[in-house]
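*Asks:* okay, predicted coordinates and the sequence, questions at the end:
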Amino acid sequence: MTETRALAGIPVAVLAGGLGTRLRPAIGERQKAVAEVAGRPFLTRLLDQIARFGFRDVVLCTGYGAEQVERAIGAAHGALQLRYSREPEPLGTAGALRRALPLLAGDAVMVMNGDSFCDADLASAWASHRRRQALATLVLVEVDDAARYGRVELAPDDAIRGFAEKQPGGGSGWINAGIYLLERARIEAIPARHPLSLERDVFPGWVGERFFGHRCSARFIDIGTPRSYADASRFFAAGDRGSWP
């Protein structure tokens, strides 16, 4: 069985419930995960990538603008079966993922942020996660200016040693690309029904506990600000023309 075929049994959780406050000047009250980018809802770009690697079961974790997401995306996307886990109140990325756990069957889960895209080889990331017998793996991408994101600090074996805060003028670095491979036990340990952030509240506590980074050379974009949202249209337009490097 190839790695891609093996991915069919791994559920995917997409975090698509954020308020998108910084993006309001560009998209108004629209949920950012389904804001139009290069002629299509942003979220469909993630779903295309998920389907291309052979995943089949996707849970969309929604909150703000949940109805917009459900109307725009529906119950299926190509071969993907889509289900929804709607938070009754803002729970943060970790709280939303923990709430969705009953819908995520299996011993491991792939998690994706719904407001960023990294054209990573997901089969390679999964193979790395298995080979290391990791409890959690973050896909990492190197950017020229890590100031906006904050760096992920790595040991020589790519074990995650810590997370550096956003620092203006800090130069290049490896950053969290918004794709995570997590063993079910890691998610079960997140307190239920509590607002928590994966990035701020949960990941730092996992350092030293079979927590690794998977470095990849891939194109990355997020749509968190009006400027990056405008850049995303050019980013995907280049890919649609087949002119990505």
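*Replies:* Looks like it came in fine.
*Asks:* now the longest strand seen in the chain: buried residues?
*Replies:* The longest strand of the chain (DSSP state E) is strand 173-183. The neighbour-count check on strand 173-183 (16 or more other CB atoms under 10 Å) flags 173-183 as buried. Any C-beta I mention is one placed from the backbone N, CA and C, and that applies to glycine too.
*Asks:* can I get the helix or strand following it as CSV, trimmed to CA atoms?
*Replies:* For strand 173-183, the following helix or strand on the C-terminal side (DSSP states H and E) is helix 184-188. C-alpha atoms of helix 184-188 as CSV (Å, rounded to 0.1, in the frame of the first residue of the first chain):
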residue,chain,number,x,y,z
ARG,A,184,-5.6,10.8,19.1
ALA,A,185,-4.3,10.7,22.7
ARG,A,186,-2.8,14.2,22.2
ILE,A,187,-6.2,15.6,21.3
GLU,A,188,-8.0,13.6,24.1
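*Asks:* buried stuff in helix 184-188?
*Replies:* 184, 186-187.
*Asks:* residues touching it, excluding its own?
*Replies:* Helix 184-188 is contacted from outside by 97-98, 101, 104, 106-109, 135-136, 206, using CB atoms under 8 Å, 6 or more residues apart in numbering.
*Asks:* and the least confident of these?
*Replies:* Within the set of the contacts of helix 184-188, pLDDT is lowest for Gly106 (89).
*Asks:* for the nearest residue to Cys216 once chain neighbours are set aside, pull up the helix or strand it's in.
*Replies:* Closest residue in space to Cys216, ignoring its immediate chain neighbours: Ala120 at 4.6 Å, by CB to CB, 6 or more residues apart in numbering. Taking DSSP H and E as the definition, one finds Ala120 inside no helix or strand.
*Asks:* residues contacting Ala120?
*Replies:* Ala120 makes contacts with 139, 141, 177, 179, 216, 218, as judged by CB under 8 Å, 6+ apart.
*Asks:* the second one: how many residues sit nearby?
*Replies:* Residues near Val141, counting by other CB atoms under 10 Å, number 23.
*Asks:* I'd guessed it sits against Asp222; true?
*Replies:* No - Val141 is beyond contact range of Asp222, at 10.8 Å (criterion: CB atoms under 8 Å).
*Asks:* where do the helices of the protein begin and end?
*Replies:* In the chain, the segments counted as helices under DSSP state H are 3-6, 24-27, 42-52, 66-73, 92-100, 122-131, 184-188, 203-206, 226-240.
*Asks:* which residues are in contact with the fifth one?
*Replies:* By CB under 8 Å, 6+ apart, the residues outside helix 92-100 that reach it are 13, 15, 17-18, 59, 61, 63, 85, 87, 91, 111, 113, 187, 190-199, 201-202.
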